[in-house]
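In: quick check, what structure comes out for this input:
(chains A, B and C)
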Amino acid sequence: MNRGARRRAISAVFSAACAASVLLALLPLALILFYLLQKGIGALEWSFLFHNPKPVGEPGGGFANAIVGTLVLLGLAAVFAVPVGVIAGLYVAEYRGTRFANWVRFAADALNGVPSIVVGIFAYSVAVMPVRRFSALAGGFALGVMMIPIIARTTEELLRLVPESLRDGALALGATRAKAAWSVVLPAALPGILTGILVALARIAGETAPLLFTAFGNRFFSTRLDQPIAALTVQIYTYAVSPYEDWHRQAWAGAFLLVVVVFVLSVIARLATRRLERMHG
Amino acid sequence: MSSPKLPLFRRRRPRADDAFFRVATGAVAAVVILLAAAIAFELLRNSKLSIAKFGLKFWTGTIWDPVSGEFGAYPFLWGTLYSSILALLVAGPIAIGIAVFISELAPHWMRRPLAFLTELLAAIPSIVYGLWGVFVLVPLIRRLEVGMPESIRKLPIFSGPPVGVGMLAAVMILSIMVIPFSSAVAREVLRAVPGSQREAAYALGATRFEAIRAVLFHGRTGVIGALLLGLGRALGETMAVTMVIGNNPKASLSLFAPQHTMAAVLANEFTEAADDLYLNALVEIGLVLFVVTLIVNALSRLLIWSLESGSRVKPRAAEPVPATGSEAA
Amino acid sequence: MRFSRLLITAGALAALAFPAPAQTNRINGAGATFPYPIYSKWFTEYNKLHPEVEINYQSIGSGGGIRQLTNRTVFFGATDGPMTKDQLLAAAGPVLHLPTVLGAVVPVYNITGVDAELKFTGPVLADIFMGKIAKWNDPAIVKLNPGVNLPGNDITIVHRSDGSGTTYIFADYLGKVSPEWKKTVGIATSLNWPGGVGAKGNEGVAGLVKQTPGAIGYVELIYALQNKIDFGSVQNLAGEFVRASLDSVTKAAAATKGKMPPDFRVSITNAPGAGVYPISSFTWLLYYQNPKDKRAGKAMVDFMRWALADGQKYCADLGYAPLPAEVVAMEMEALKKIRL
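Out: The predicted structure is shown next:
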């Protein structure tokens, strides 16, 4: 084989290998989704969605408290993380290059990399021990800490993308720097920021570890912020490691539900991003 | 033509307005710094006893005995590094392959859907990976172990009873979880490489492979950064690992042996560490995990950044790229 | 009449006519997985009787129960291994141990091709779990089980990865029958196991043993029954090979007749007597004698009185043995110690 043919052959093999790696990655995805569908959809029934847990061995228990609990926790996390994250991102975008902004950036990156189990430990000593109780607030705090860096980074990047002309126009019309940033640039980036928030929510909706030591779990239906609260992820985990068939079924149903929610949020976020890209060109 | 409404007060004190804005937003931004510092502080504070008592021997000791108060974290360090590095070795080439395929080889209409599908892998919560691992992967591995010929089972890397749970299961799940992160970033890195590099290669008569090789070489720091990002993710992963790794604090070379990781021992034993030394030992593990992940992620970001700022490509709209490292639930 | 006065009167009348619903009394507890099936039944049944009392119990292991009680993040704890003197000292105040039910820890195993009930002695069990007996067809096991075709594959030990009262009970028994166990491994809720695989909770161990051929583990009786896992009989102090059952466990508790210490911290493993199952144990709920939340305290005391009387009737179905009458009487007295 001459050199030319050999080089082409190598290239062909390489391309095939790359294609194969795509298939290799998509294979587990398909397997997992298929398994979820198979095991989960059967158990996704009325009692699962609207009943609360029953004692072990009794049929008919459900995940109603966990579904609501996850919503409460996501809401708490968002209330904490969205203002902090957006404003932090705004600050870094506005005052780029200053030492303080660099510190904020570094801190956000550090927060982003903290393993969620460590966030859980932190939240236990800061939000549970001082008040001597497990609570939805502590769980929301832990999740919020994980959301903040994601939102801050998205906000900062989006603000940087807003065309300078918009800002310059506002300034030319006599707005202060503050006003330009707050009332002109930020609203322009808002759709993207909302997308970033959706992405962050999708991420933390699937977290389990930080909730183990904070929200604690609750067998009863509860929306009280100062009491332990059930969460979809924690309840799935508890049921999955149990020896009861009925609980395993419910765990799969819960997992299915969770994945559907996360996927839907991710899809919406992606579609929104694509529309934004088309708008901004 | 309508003019934008401007506040009245700005006519009087524009400087104060700006100063107030800066201070107010700065104060909120400071919360981020405060949180990061607080985490580091709390970790240090709650691990003092253990650091004082054991020093560096903590990380070489192999006995983890809560009864006698002897704590050696080597098995967890081993388990974390072994599982993460192996996962990276498996996932790395695949991630790069995917990145190359999507950004260089695939027809245009395929690119978006493929990118979307690989990102879906990242969206699957860790607990779901754990479930699938326990009910599907572990039995499969057990069958594999039982079916393996005796001669291979004698090798240290394949020795051990066919339990199913163990290092292999953990490595496989970690690889799957790491792929989307590394490949998404690698894709960005490849996009950031100037088109001129490719064009020059083709102009010189390169094959597809050779041109891509040149591009990869140009973006090598970024690609390494992408791989490091995946490593950071694997290091902190908790739930999926603890459900399939066997939770046995004994370091072993064998892929089939049940082992333990730093994140998994925290999840298992934190709520019950009955005495202070035990708790401090656990928090010390958390501290080191935090520091190691921090370094790996910082390094990764540095490498990725150096490439992106080197090229004059405008950063794209923030894609919902799965955020780094910490989805370690 | 002035309008505001009319309003106030109307409001007062309305308040009398429609009393505000009783505020829910939410009480949190944590601890042992061993009694979780019966506790979850009890708390649900009690909630049916008293809808305003919600007792939320999370089974995180006995070690967790003790720790969280000490940290005062939960109102009560639950454990199968009584608190040690050090742990009692570390608590925020005097802690009461109140036994609730009796249970048994059984050796579960999964051996392909073997359906028979295996016989074990204490020393043999200790050696297996210490790793000294490594294969199923070891002479020591074969000698106890003539006629059973034991295969030659390795024994895989499954133990608890979390702090467990079940571990404590098992280790307590092994410590009594094997001096070497007592010296090298010890007795506690978390042990330095010589080998094997760790699983979380009774549930985890049951699940893993069920799925792993060649495995042996230890779980509370109900987990073996509900999962339909084979479990063996164990030789008691009198030399008989006894299988765990309500009857044999109740006989073990009878050994405390007249000898129950006032703080209820007693071990009934390896108890003397005929028909006794040697790995039996009480399981306790832990309460502060002087709780800060008096309302929760009242509710829990009332709950205890119900559990010690009516609650006991749920035991049999779930595989637990009810408390001896003498112990119940002592506890009703001891409940008065809780300052409300």
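
In: where along the stretch 1-150 of chain B do the helices fall?
Out: Along the stretch 1-150 of chain B, counting by DSSP state H, counting those that start in this stretch, helices occupy B:9-12, B:14-45, B:48-54, B:74-100, B:108-123, B:126-132, B:138-147, B:150-153.

In: check contacts around residue 123.
Out: As the question left the chain open, I've gone with chain A. A:A123 makes contact with A:A138, A:G139, A:F141, A:A142, A:V145, A:P210, A:F213, A:T214, according to Cβ atoms under 8 Å, 6 or more residues apart in numbering or on different chains. From N, CA and C alone the C-beta is placed, and that goes for glycine too.

In: to clarify, I was referring to chain C.
Out: C:P123 makes contacts with C:V177, C:S178, as judged by Cβ under 8 Å, 6+ apart.

In: by mean pLDDT, show me the worst of the helices of the stretch 1-150 of chain B.
Out: Ranked by mean pLDDT, the helices of the stretch 1-150 of chain B bottom out at helix B:9-12, with a mean of 50.

In: how about the residues of chain A by chain C?
Out: Contact residues, chain A versus chain C (Cβ under 8 Å from any Cβ of the partner chain): A:54-57, A:128-129, A:132-134, A:216-220, A:222, A:224, A:227-228, A:241-244.

In: which members of the contacts of A:A123 are the farthest-apart pair?
Out: Largest separation among the contacts of A:A123 by Cβ to Cβ: A:V145 and A:F213, giving 13.0 Å.

In: that older thread, can you tell me which of the contacts of A:A123 is closest to C:G273?
Out: Relative to C:G273, and with distances defined as Cβ to Cβ, the nearest of the contacts of A:A123 is A:F213, at 43.8 Å.

In: list the residues that contact the closest residue to the closest one other than its chain neighbours.
Out: Nearest non-adjacent residue to A:F213, counting by Cβ to Cβ, 6 or more residues apart in numbering or on different chains: A:Y124, 4.1 Å away. Listed by Cβ under 8 Å, 6+ apart, the contact partners of A:Y124 are A:A138, A:F213, A:T214, B:F270.

In: rerun at 10 Å
Out: By Cβ atoms under 10 Å, 6 or more residues apart in numbering or on different chains, the contact list for A:Y124 reads A:134, A:138, A:142, A:210, A:212-214, B:42, B:46, B:270-271, C:71, C:73.

In: distance of it relative to A:A200?
Out: Noted for A:Y124: a distance of 22 Å to A:A200, by Cβ to Cβ, to the nearest Å.

In: over to C:N290?
Out: Per Cβ to Cβ, C:N290 is found 45 Å from A:A200.

In: more neighbours, those two?
Out: Neighbour count, other Cβ atoms under 10 Å in any protein chain shown: between C:N290 and A:A200, A:A200 has more, with 31 against 15.

In: between helix B:14-45 and the helix or strand harbouring A:N112, find me the angle.
Out: If you go by DSSP states H and E, A:N112 is part of helix A:99-113. Computed by axes from the mean of the first three to the mean of the last three Cα atoms, to 10 degrees, the angle separating helix A:99-113 from helix B:14-45 equals 40 degrees.

In: quick one, longest strand in chain C?
Out: Using DSSP state E, we find that the single longest strand of chain C is strand C:95-110.

In: ok, then the element right after that one?
Out: strand C:119-120.

In: give me the contact list for that next one.
Out: The contact list for strand C:119-120, computed with Cβ under 10 Å, 6+ apart, reads C:107, C:109, C:126, C:128, C:140-141, C:143-146, C:148, C:216, C:231-235, C:241-243.

In: give me that answer again for 6 Å
Out: If you take Cβ atoms under 6 Å, 6 or more residues apart in numbering or on different chains as the criterion, strand C:119-120 is touched by C:P107, C:L144, C:N145, C:G232, C:S233, C:V234, C:F241.

In: which one (most neighbours) among those?
Out: The member of the contacts of strand C:119-120 that has the most neighbours, counting by other Cβ under 10 Å, is C:V234 with 28 neighbours.

In: can you read off the pLDDT for that residue?
Out: So, for C:V234, pLDDT stands at 94.

In: and it, what does it touch?
Out: C:V234 neighbours (Cβ under 6 Å, 6+ apart): C:F120, C:P278.

In: flag the shaky bits of chain A, pLDDT-wise.
Out: Flagging of chain A using pLDDT under 70 yields the residue ranges A:1, A:243, A:280-281.

In: so does stretch A:266-281 get close to chain B?
Out: Yes - Stretch A:266-281 lies within reach of chain B by Cβ under 6 Å from any Cβ of the partner chain, at A:S266, A:A269, A:R270, A:T273, A:L276, A:E277.

In: which of the residues you listed lies closest to A:Y91?
Out: The closest of these to A:Y91 turns out to be A:L276 (Cβ to Cβ; 22.4 Å).

In: assign that closest one to helix, strand or coil.
Out: helix (DSSP: H, G, I helix; E, B strand; the rest coil).

In: okay, now it: neighbour count?
Out: Applying the criterion other Cβ under 10 Å, we find 17 residues in the vicinity of A:L276.

In: now do A:G206
Out: Neighbours around A:G206, by other Cβ under 10 Å: 25.

In: how close does the residue nearest to it when sequence neighbours are not counted get to A:A205?
Out: Closest residue to A:G206 apart from its sequence neighbours, by Cβ to Cβ, 6+ apart: B:P125 at 2.6 Å. Distance of B:P125 to A:A205, given as Cβ to Cβ: 7 Å.

In: try C:R243
Out: Counting by Cβ to Cβ - C:R243 and A:A205 are separated by 47 Å.

In: so between the two, which is more surrounded?
Out: Neighbour totals were compared for C:R243 and A:A205, and A:A205 leads with 22 against 16 (other Cβ under 10 Å).

In: what residues are up against the nearest residue to that one once chain neighbours are set aside?
Out: Using Cβ to Cβ, 6+ apart and skipping residues adjacent in sequence, the residue nearest A:A205 is A:V262, 5.6 Å away. Contact analysis of A:V262 by Cβ under 6 Å, 6+ apart lists A:A202, A:A205, A:G206, B:A123.

In: any idea which helix or strand carries A:V262?
Out: Using DSSP H and E, the element containing A:V262 is helix A:245-280.

In: so which bits of that helix are buried?
Out: Across helix A:245-280, burial judged by 16 or more other Cβ atoms under 10 Å in any protein chain shown covers A:246-259, A:261-262, A:265-267, A:269-270, A:272-273, A:276.

In: what about the closest residue in space to C:D154 that isn't next to it in sequence, how many neighbours?
Out: Residue nearest to C:D154 in three dimensions, not counting chain neighbours: B:P161, with 4.7 Å by Cβ to Cβ, 6+ apart. B:P161 has 23 neighbours, counted by other Cβ under 10 Å.

In: name the element B:P161 belongs to?
Out: Counting by DSSP H and E, B:P161 is part of no helix or strand.

In: so A:A81 sits against A:A142, correct?
Out: No - judged on Cβ atoms under 6 Å, A:A81 makes no contact with A:A142 at a distance of 10.9 Å.

In: which one's more surrounded, those two?
Out: Neighbours per residue (other Cβ under 10 Å) separate A:A81 from A:A142, with A:A142 holding more: 33 against 27.

In: contacts only, for that one.
Out: By Cβ under 6 Å, 6+ apart, the contact set of A:A142 is A:V119, A:G120, A:A123, A:P210, A:T214.

In: state the distance from the closest residue to C:M83 other than its chain neighbours to B:V283.
Out: Nearest residue to C:M83, sequence neighbours excluded (Cβ to Cβ, 6+ apart): C:I66, at 5.8 Å. For C:I66, the distance to B:V283 equals 19 Å [Cβ to Cβ].

In: which one of the two has more residues nearby?
Out: C:I66 (31 against 28).
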